[in-house]
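# Structure for this input, please:
(chains A and B)
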Amino acid sequence: MSIEVQHVSKRFGSFQALEDVSLDIAGGSLTALLGPSGSGKSTLLRIVAGLEAPDSGAIRLAGADATPLAPQKRGVGFVFQHYAAFKHMTVRDNVAFGLKIRKRPEAELRARVEELLELVQLQGLGHRYPAQLSGGQRQRMALARALAPEPKVLLLDEPFGALDARVRAELRGWLRRLHTEAHTTTVFVTHDQEEAMEVADSVVVMNKGRVEQVAGPRELYDTPANAFVMSFVGRANRFGEAWVRPHDLELVPAPNGTTREAMVERVVHLGFEVRCELVGADGEQLAVQLTRDEADALELDRGQIVYVRPTRQTVFAPA
Amino acid sequence: MNVRRLDGARQERGTRLGLRFVALGYLLVVLLGPLSMVFWRSFDQGAGHLWRSLSDPNTVHAFRMTLIITAIAVPLNTVFGIVCALAIVRRRFPGAGAVNAIVDLPLALSPVVVGLSLFLLYGRTGWFGGYFERHGIQILFATPSMVIATIFISLPFVAREVVPTLREIGDEQEQAAHTLGAGGWATFWRITLPSIRWAVIYGVVLTTARCLGEYGAVAVVSGHIEGRTETATLRVQDAYENFDVPGAYGISLVLAAMSVLVLVAMTLLKPKEEAA
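Take a look at the predicted model:
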């Protein structure tokens, strides 16, 4: 089911959460809404779900106007950052909730719940209460609950934000696989660019209530639409009007006219990759990414003077 | 270093014991002392006398009045309290702030003032008094005014218990229920009410206790007619003023026992893991 956001604006008191946002999300896609906090990404997701009403603009689901519809009439599944588990119900009753509301026959309901518990690897935990589960298990329960009524659209609001790094990585891969199997139109909100790049086919970068760019992960990184996207997605160094990625900076031991001088402040070894923090002559911070062989050849060390030359740079037309 | 720590620990224990002593002592002197006196004095002239004064038809009628009034006031105030709490916390309509302030009014007003204001409203020259009189409905000096007075007095307890719980659970579970297809009504019955049930039960217990014990407002509006508009608490005063001191204590004892029973019932109902 496709999602169309048409000229949506939303204001909370004096705070403009969304300003004339338009966006098309293709049916069956896996899309990330990426942006810093306060960029309006969660508000947009909640408006699509019907949990907030836009001040102006419209939401179309599968081509039909859904703006006046209550959330329960939209057929969307929603996963909350803090799980929103029904604390007084067992895991099984949580997952069965959407089916009970739809008055599905008991046998079908039981079979579907078992199938879902297996899918989220919670088989055997159906009799427990949410308080007896770990954070990762609770979020998987919330996913199974959202999937139970077979929604046409699955919306996830920072679904892995409250989990530790390992569980987060595991659930990311899991969400990816789930989408490959079911092809439900999926939109998730995140402020973690790595998460967006790793999981999504298409990334919507938002800032200050506006959409900055919509693109695939690779395109977003290689041809950012503007300085905000350049600096928010991946690291970037600024040379006056030009922006340079850390791996597009070359370090040479001697000056050659096109280089600038900098001092090594910190060298971080991350296996194959070496990250080097430099301070330029004007006190500006520079980040450089090298391979271990390159770093070894230069014998990089703290306090050393090196010479920096960009091999590729991007200049944006002034906004 | 070690010595000092020991000293600190000893001092801390001393403080804790002191606090416990003060709390228990206070309870003993202010609450349990008078209650046990009531118990003691009830049996002063033997169980036979106690039974005689309790089985007096007017006393039985007084208890029946108290129970009838409680049985009407508690369910009404429970429903009203939950609706009020939802209005205050979720602010679904304008004026919810005013509701929040007004709900507390019965706690601040003296019951006698409440009784008098009802007198002014439903009296022969009051705003509504004329209307009811023309239609032949007796409000004052009859059950209706006693019920209204009791409802007024016991109004805030359910709302006051439910409001903090509603705030604490937030509305994310309700939103989740909506996205899963549940409408407002289904969400209330399946999600909201089960989440606040212990607050509601506690509120009901407090309301019940308050209704059983109501005296001031009912005393003003009831007219205090023996065998007709007398509740158990009014009966206590009656017995006392007629020099039937053991009778007065006996009725008090039954009233206290009813309240304790309600409290015990709640404690037993409440499962252990939810008490935390």
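# Every contact and neighbour count from this point should use C-alpha atoms.
Noted.
# so residue A:193 sits right up against residue A:234, yeah?
Yes - contact status for residue A:193 versus residue A:234: in contact at 7.5 Å, counting by CA atoms under 8 Å.
# So if I had to pick from these two, which one is more boxed in?
residue A:193 (19 against 15; other CA atoms under 10 Å in any protein chain shown).
# need the contact list for that one.
A:34, A:232-234 (CA atoms under 8 Å, 6 or more residues apart in numbering or on different chains).
# Where does the stretch 151-276 of chain B get nearest to chain A, which residue?
residue B:181 (4.0 Å; CA to the nearest CA).
# For that residue, the count of nearby residues, please.
If you count neighbours by other CA under 10 Å, residue B:181 ends up with 25.
# What distance do you get for residue A:226 to residue A:192?
Remark: distance between residue A:226 and residue A:192 (CA to CA, to the nearest Å) = 19 Å.
# Give me the phi and psi angles of the residue nearest to residue A:91 when sequence neighbours are not counted.
Excluding the flanking residues, the one nearest residue A:91 by CA to CA, 6 or more residues apart in numbering or on different chains is residue A:126, at 4.8 Å. Main-chain torsions, residue A:126, degrees, to the nearest 10: phi -60, psi -30.
# Then residue A:54?
phi -70, psi 150.
# So what's the residue count around it?
Neighbours of residue A:54 (other CA under 10 Å): 22.
# which residues does the closest residue in space to it that isn't next to it in sequence bridge with?
Leaving aside its chain neighbours, residue A:54 sits nearest to residue A:10 (5.3 Å; criterion: CA to CA, 6+ apart). Bridge pairing for residue A:10 (DSSP bridges) gives the partners residue A:18.
# how many other residues sit next to residue 177?
Here I'm looking at chain A. The burial count for residue A:177: 13, using other CA under 10 Å.
# switch to chain B, that's the one I care about
Residues near residue B:177, counting by other CA under 10 Å, number 30.
# Report the contact partners of it.
A:97-98, B:187, B:191.
# from those residues, which ones fall inside helices?
Here DSSP state H is the test, and the contacts of residue B:177 give A:97-98, B:187 as lying in helices.
# Of those residues, which is the nearest to residue A:138?
Residue A:138 has its nearest neighbour among these in residue A:97, at 15.2 Å by CA to CA.
# Would you check that the closest one makes contact with residue A:144?
No - counting by CA under 8 Å, residue A:97 stays clear of residue A:144, with 10.6 Å between them.
# between the two, who's got more neighbours?
A direct count of neighbours by other CA under 10 Å for residue A:97 and residue A:144 places residue A:144 higher, at 28 against 25.
# Quick one: list the elements packing against the helix or strand where the more buried one lies.
Secondary structure from DSSP states H and E places residue A:144 in helix A:135-147. Using 3 or more CA pairs under 8 Å, 6 or more residues apart in numbering or on different chains; DSSP states H and E as the contact test, the elements touching helix A:135-147 are strand A:76-79, helix A:91-101, helix A:106-119, helix A:165-182.
# and the ones you listed, which is most packed in?
Of the helices and strands packed on helix A:135-147, the one with the most neighbours on average (mean count of other CA atoms under 10 Å in any protein chain shown) is strand A:76-79, at a mean of 28.
# helix/strand/coil for residue A:28?
With DSSP: H, G, I helix; E, B strand; the rest coil as the basis, the three-state label of residue A:28 is coil.
# In contact with it, which residues?
Residues in contact with residue A:28, defined by CA under 8 Å, 6+ apart, are A:1-2, A:183-186.
# Buried among the residues you listed? Need that as a selection in PyMOL.
With 16 or more other CA atoms under 10 Å in any protein chain shown as the burial test, the buried ones among these are selected in PyMOL as follows:
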select buried, chain A and resi 1+2+183+184+185+186
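# Among the contacts of residue A:28, which pair sits farthest apart?
Among those, A:2 and A:183 lie farthest apart (CA to CA), at 11.9 Å.
# pLDDT-wise, which helix or strand of chain B ranks last?
The helix or strand of chain B with the lowest confidence, counting by mean pLDDT, DSSP states H and E, is helix B:272-275 at a mean of 46.
# For the residue of the stretch 151-276 of chain B closest to chain A, which non-adjacent residue is spatially closest?
Nearest non-adjacent residue to residue B:181, counting by CA to CA, 6+ apart: residue A:72, 4.0 Å away.
# Tell me the backbone dihedrals of that neighbour, please.
Torsion angles, degrees, to the nearest 10, at residue A:72: phi -70, psi -10.
# returning to what we had before: and which of the contacts of residue B:177 is nearest residue B:206?
Set against residue B:206, the nearest of those by CA to CA is residue B:191 (23.9 Å).
# re the thing from before, nearest to chain B, of the contacts of residue A:28?
Nearest to chain B out of those is residue A:186 (CA to the nearest CA; 14.9 Å).
# any idea how far residue A:49 is from the residue of the stretch 1-150 of chain A found nearest chain B?
Using CA to the nearest CA, the single residue of the stretch 1-150 of chain A nearest to chain B is residue A:72, 4.0 Å away. As judged by CA to CA, residue A:72 and residue A:49 stand 9 Å apart.
# shared neighbours, these two?
By CA under 8 Å, 6+ apart, the residues touching both residue A:72 and residue A:49 are residue B:179.
# quick one, which of those two is more surrounded?
Ranked by neighbour count (other CA under 10 Å), residue A:72 and residue A:49 place residue A:49 first, with 28 against 22.
# which residues pair with the residue nearest to residue A:216 when sequence neighbours are not counted across the strands?
Sequence neighbours aside, residue A:202 is the residue nearest to residue A:216 in space, at 4.4 Å (criterion: CA to CA, 6+ apart). According to DSSP bridges, the partner residues bridging residue A:202 are residue A:31.
# Next to chain A in this structure, residues from the stretch 51-200 of chain B, please.
Residues of the stretch 51-200 of chain B lying close to chain A by CA under 8 Å from any CA of the partner chain are B:172-173, B:175-183, B:186, B:191, B:194-195.
# Apply 6 Å and report the result again.
B:172-173, B:178-182 (CA under 6 Å from any CA of the partner chain).
# Can you pull out the low-pLDDT segments for chain B?
Per-residue confidence for chain B (pLDDT under 70) gives these ranges: B:1-6, B:8, B:92, B:271-276.
# isn't residue A:206 right up against residue A:36?
No - the pair residue A:206 and residue A:36 does not pass the contact test of CA atoms under 6 Å, sitting 7.7 Å apart.
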